[in-house]
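>>> 3D, please:
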Amino acid sequence: HALRTIADRHGTTVANAAAAWVLHQLGADGGWLILGVRDTTHLDEHKGLRDVALDADDVAQIGAVLAKGASPAANGDIWSFERGLA
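Residues are numbered from 1 along each chain as shown. The predicted model follows:
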């Protein structure tokens, strides 16, 4: 619901709102985000990501939702689920 609200406010998709949040978390040092594109029809949608600039309210709204959940790190490393340990 939070991502839909943010996406609508920025005139983009939920996927782009989520991707913009990931890029925001990478900060000024930057980093990479791998987008899944099933076919060429998604390319135009993903190009819109360049125009999504989250503000402090957007980041806080997503952070509030994430704060309600448990961090995957609390259950071990990323492969714990595959090993049946989590």
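>>> what kind of secondary structure is Ile62 in?
Here Ile62 is recorded as helix under DSSP: H, G, I helix; E, B strand; the rest coil.
>>> That one contacts Thr5, doesn't it?
No. If you go by C-beta atoms under 8 Å, Ile62 and Thr5 don't touch, sitting 10.1 Å apart. For every residue, glycine as well, the C-beta is placed using N, CA and C.
>>> of these two, who's got more company?
Ile62 (20 against 13; other C-beta atoms under 10 Å).
>>> Tell me which residue lies nearest the centroid of the protein.
Nearest to the geometric centre of the chain sits Ala18, at 2.8 Å (C-alpha atoms, centre = their mean).
>>> Pull the contacting residues for that residue.
Counting by C-beta atoms under 8 Å, 6 or more residues apart in numbering, Ala18 touches Leu3.
>>> So for it, what's the pLDDT?
Note on Ala18: pLDDT of 95.
>>> Figure out the helix or strand that it lives in.
helix 14-26 (DSSP states H and E).
>>> pull the CA atoms of that helix into CSV?
Only the C-alpha atoms of helix 14-26 are listed here, as CSV (Å, rounded to 0.1, in the frame of the first residue of the first chain):
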residue,chain,number,x,y,z
VAL,A,14,5.2,0.3,-7.8
ALA,A,15,8.3,-1.5,-9.2
ASN,A,16,10.0,1.9,-10.0
ALA,A,17,9.1,3.3,-6.6
ALA,A,18,10.7,0.2,-4.9
ALA,A,19,13.8,0.5,-7.2
ALA,A,20,14.1,4.2,-6.4
TRP,A,21,14.1,3.3,-2.7
VAL,A,22,16.9,0.8,-3.3
LEU,A,23,18.9,3.4,-5.2
HIS,A,24,18.3,5.9,-2.4
GLN,A,25,19.7,3.4,0.1
LEU,A,26,22.9,3.1,-2.0
